[in-house]
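> any chance you could fold what I've pasted below:
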Amino acid sequence: MDGNRAYYTLPFFRFTNFVRILVFLDGVVSVALWLAGGHTQYLEDNVVHFDFYRSVFELACLSLLRMCLLFHFFTRVEEISMKLLDEPYDRGLMKKRRAYYVSAIFFTLLSTAYAVTKGVFVLHKESYKEMHSTYVAVCIASFVFSVLELLLGLVFLRMARRLQLMRIIHRINSDGQEIDEEGNTIKKKVNLKRLFTMARDEWWILGLGCIALLISSASNMMAPLFFSFVVDAALTSIDKVNHTVLVLLLIYIGGAIAAFFRSWLFTLAGMRFVARLREELFAAIVKNEIAFFDTTRTGELTNRLASDTGVVQNSVTVNISMLFRYLLQIVGSLSIMFVLSAKLTGVLLSCVPIVSIGAMVYGKYVQGIRKAFQDELAAASTVAEESISSIRTVRMFSGEEKSKRDYNVSVDKSYGYGKKLALAGGGFNGIVGVVAFGAIVLVLWYGAKLVIMEQEHPGTGITIGTLTGFMMYTLNVAMAFAFISSLYGDFMQALGASERIFDLLDRKAEVNMSGGKVLDGLHGGILFKNVSFTYPSRPDSEVLKEVSFAVEPGKVVALVGPSGGGKSTIVSLIERFYDPNSGTILLGGHDLSTLDPKWFRQHISMVSQEPTLFATTIKENIAYGREATDEEIEDAARQANAHQFISEFEEGYDTMVGERGVRLSGGQKQRVAIARSLIMNPTILLLDEATSALDAESEHLVQEAIDRAMKGRTVLVIAHRLSTVRNANEVVVIDKGRIAERGTHEELLHKGGVYKKLVLRQLSAGHAMPSINTDIADIEEEGSQEGSEGSNESNGTER
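Presented below is the predicted three-dimensional model:
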């Protein structure tokens, strides 16, 4: 398809990512083993009094350096290899790839050589007998990882050449949507990155909040340390205690002030974000074509605007604050804890893998359930919205119990998913609690043992103050892990809710609201050329079948025919609520699909059988289509025979009409709708039998207003009552999606086809005008005379 473009991505499970994971483990494992070795003094001596045969500090540093450099080198080799697939003869790219690859192999060779040399000397001197067991493990890990990285590096370039077979192609159409090979739109995946990107306009507020977050987090991290200083100072002098307590108080006060700004800014960002999101989501909803609303229920859309946006709100603002806050709390606390006691820190970290794995499993499980939960809430909202908006019909047929039953079914289903969410949340929190408090008890026991060791052999353990501060940091870390675990569940729930939001934001309307040609003026002619149409919600039923007719500028054309024949569909196509499946519609000599819908709708007005008024004042309903002065509003009301009854209301034009105009009678609503159309001063007027549901008095007033509105305009009127079309310039009879007959009123009556049958049916129902009765009588009299003459001639022949 013209205008399409493509780009490539790579799957997650590939050789490069395997190498990256190995390199990352190299750095993390070596540093962790080195930090876990021996007591604090032993760790310090390993650095300050470095000994090549007994220290492994340089191996830990080398592993970290290797992790950073190789991660970068191999990533660049892959990126350049991807570019070379599209530009295979680019010598500059070839040189860059060769340089990065050679650098990676050279550094890996050096690392391997150093690790082998170190291992040989340690074995030769038998210094491993004097080293801590974890330091021996560092030597072994350094050698093993270096060899593995060297072997993988040697085959890396060959594996990089296979990227052409692994890469995934993404095709993008001219509208910016990803499509498959057949050209069908592919639904975008929702992930945390895309979820956070939604708050892009609030980043400056979030940035200020992050500054306050850093200050408050620093306060939280320093407080336990000074708390331990207070405990140790209590064993020396009261002056030292006073000084330390004063510093601790200032830390708490500074942290409280920063926490105020943090909470205020992140909450403000959340409020600003959800307001903007709801505005964007509403704009995305109303821009869709009418066919979308034919198949999507109103309650579902309103639920997305209200409920789903609320679920997403905290996840991309306040929850981000909490996430960073607890991450800083964990990282900062663990850093200080390593300084206080590396051994106790290692014991505490033993619970991290269990909590992390549990959080991932819990998050994925909750994401699916939360989506189903929100779907059922949307279904319940839809039932409630339909029942409440149609409460008169519900009351008329005593349908209260049925409405309650339908609503309860959806609510009960959502409750079922809610029970699963509650059970999953409770179970996960329980497991995290057991693991966390188990780790705290273990740290407390081992810490008490180290205190005893310090008392018996100074320098081998920790003080009571250090244990106190460490335990406070332990509680900080445990609580932070627990909160982060619950936040992960919240993020997964937000993903489930945001999936429906993104569906609407990403959806491309098949019929645009704006865009196209804007003419100097609209020539009022309408032309249908072989138009066929099928409603998207009913693809198996063709409503119009190769319909062709014309409406000359300034003329009145009436569409008549049995119900369901396609008359209202023709009006909908002129308004471009839908596009035809085939054929062309010309408006003023221009293809309707090429004109700007927003522009041409300013020149077309429509009055339907059941006009919809908004729950606001009469004045605002009349001026809904354009900005108008009070004089223009009153003039339009006079033309529509509405000024008199409006003036009789206590509040006049400021009278509230109620939901869908329920406070007005049928005739009053119809006249307000006509005024709303007339104030647009339309070139083309579309009338969908505006008097069919009115009493005689209201019908007379409305018909008088319609007759006045039709003067000087191109008019297409749909007539169920044939008495309204006697003066039309042409009558087009639509039957089963096709044009059955066309001509003037008199011509069609003489023709004796479908139109005459419709007139006779109206006569039997007593709805036709006396003049039509006269026409029918004249035609029947002429027909009987012709039949009589033919009979006489026949008889004469026989004789």
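
> the lengthiest helix in the chain - contacts with which helices or strands?
Identified as the longest helix of the chain according to DSSP state H is helix 400-456. In terms of contacts (3 or more Cβ pairs under 8 Å, 6 or more residues apart in numbering; DSSP states H and E), helix 400-456 is packed against helix 342-349, helix 352-389, helix 464-506. Glycine gets a C-beta too; all of them are placed from N, C-alpha and C.

> tell me what angle the last one forms with helix 400-456.
Same thing as helix 464-506. Angle, helix 464-506 to helix 400-456, by axes from the mean of the first three to the mean of the last three Cα atoms, to 10 degrees: 150 degrees.

> what's the average pLDDT for helix 464-506?
For helix 464-506, mean pLDDT rounds to 72.

> and the first one, by the same measure?
Model confidence over helix 342-349, given as mean pLDDT, is 68.

> now the strands for the stretch 651-799 of the chain?
Along the stretch 651-799 of the chain, the segments classed as strands by DSSP state E, counting those that start in this stretch run 684-688, 714-718, 730-735, 738-743.

> got it, and the stretch 501-650 of the chain?
Under DSSP E, counting those that start in this stretch, the stretch 501-650 of the chain gives strands at 526-534, 542-551, 556-560, 582-587, 590-591, 604-607.

> can you lay out those as TSV showing mean neighbour count?
Output for those, formatted as TSV (neighbours: other Cβ atoms under 10 Å):
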stretch	mean neighbour count
strand 526-534	19
strand 542-551	18
strand 556-560	24
strand 582-587	17
strand 590-591	15
strand 604-607	24
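
> could you point out which of those sits nearest residue 99?
strand 590-591 (58.3 Å; Cβ to Cβ).

> which neighbours in the sheet does the closest one have, and how are they oriented?
Partners of strand 590-591 in the sheet, by DSSP bridges, are strand 582-587 (antiparallel).

> which outside residues touch the partner strand?
Strand 582-587 is contacted from outside by 522, 525-532, 546-548, 573-574, 591-593, 595, 600, 684, using Cβ atoms under 8 Å, 6 or more residues apart in numbering.

> re earlier: could you dump the strands of the stretch 651-799 of the chain to CSV with mean neighbour count and mean pLDDT?
Formatted as CSV, the strands of the stretch 651-799 of the chain follow (neighbours: other Cβ atoms under 10 Å; pLDDT from 0 to 100):
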stretch, mean neighbour count, mean pLDDT
strand 684-688, 24, 84
strand 714-718, 24, 86
strand 730-735, 23, 88
strand 738-743, 17, 87
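
> which stretch among these comes nearest residue 463?
strand 684-688 (89.1 Å).

> that closest one: partners in the sheet, and parallel or antiparallel?
strand 604-607 (parallel), strand 714-718 (parallel).

> and those: which comes nearest residue 107?
Nearest to residue 107 among these is strand 604-607; the distance by Cβ to Cβ comes to 72.7 Å.

> all strands for the stretch 101-250 of the chain, in order.
Along the stretch 101-250 of the chain, the stretches classed as strands by DSSP E, counting those that start in this stretch are 168-172, 178-179.

> looking at those strands, which has the lowest confidence?
strand 178-179 (a mean of 66).

> name the SS class of the nearest residue to residue 134 once chain neighbours are set aside, please.
Sequence neighbours aside, residue 37 is the residue nearest to residue 134 in space, at 3.9 Å (criterion: Cβ to Cβ, 6 or more residues apart in numbering). Each residue gets one of three states, and residue 37 gets coil by DSSP: H, G, I helix; E, B strand; the rest coil.

> ok, residues contacting stretch 409-424?
Contacts to stretch 409-424, defined as Cβ under 8 Å, 6+ apart, come from residues 362, 365, 366, 369, 370, 372, 373, 376, 377, 379, 380, 383.

> of these, just say which sits nearest to residue 702.
Nearest to residue 702 out of those is residue 383 (Cβ to Cβ; 35.3 Å).

> list the contacts of residue 592.
So residue 592 contacts 574, 576, 584, 585, 586, 600 (Cβ under 8 Å, 6+ apart).

> tally of neighbours for residue 59?
If you count neighbours by other Cβ atoms under 10 Å, residue 59 ends up with 25.

> quick check: pLDDT value at it.
88.

> same check, this time on residue 355
pLDDT for residue 355: 62.

> again, but for residue 690
66.

> just the one 10 residues further on next, same as before
If you check residue 700, the pLDDT there is 71.

> would you mind giving the strands of the stretch 651-799 of the chain as TSV with distance to residue 252 added?
Listed next are the strands of the stretch 651-799 of the chain as TSV, based on distance: least, Cβ to Cβ, whole Å:
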stretch	distance to residue 252
strand 684-688	72
strand 714-718	76
strand 730-735	81
strand 738-743	84
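
> so which of these gets nearest residue 203?
In terms of Cβ to Cβ, the element of these nearest to residue 203 is strand 684-688, at 48.1 Å.

> which ones are touching residue 568?
688, 718.

> ok, back up a step: can you lay out the contacts of residue 592 as a markdown table showing pLDDT and distance to residue 70?
As requested, the contacts of residue 592 are arranged in a markdown table below (pLDDT from 0 to 100; distance: Cβ to Cβ, whole Å):
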| residue | pLDDT | distance to residue 70 |
| --- | --- | --- |
| 574 | 88 | 67 |
| 576 | 86 | 60 |
| 584 | 91 | 64 |
| 585 | 90 | 65 |
| 586 | 89 | 67 |
| 600 | 84 | 63 |
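
> can you put those residues in CSV and add distance to residue 647?
Formatted as CSV, these follow (distance: Cβ to Cβ, whole Å):
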residue, distance to residue 647
574, 35
576, 37
584, 47
585, 41
586, 43
600, 34
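
> which of those residues sit farthest apart?
Distance extremes for the contacts of residue 592: the farthest pair is 584 and 600 at 15.2 Å, using Cβ to Cβ.

> would you mind measuring from residue 418 to residue 547?
Distance, residue 418 to residue 547, by Cβ to Cβ, to the nearest Å: 52 Å.

> circling back to that earlier point, so the residue nearest to residue 134 sits against residue 44, correct?
No: here residue 37 does not reach residue 44: they are 11.7 Å apart, not a contact under Cβ atoms under 8 Å.

> between those two, who's got more neighbours?
The neighbour count for residue 37 versus residue 44, taken as other Cβ under 10 Å, is higher for residue 37 (23 against 11).

> for that one, give me its contacts.
43, 46, 56, 132, 133, 134, 135, 138, 342.

> quick check: end-to-end length of stretch 124-135?
16 Å (Cα to Cα, to the nearest Å).
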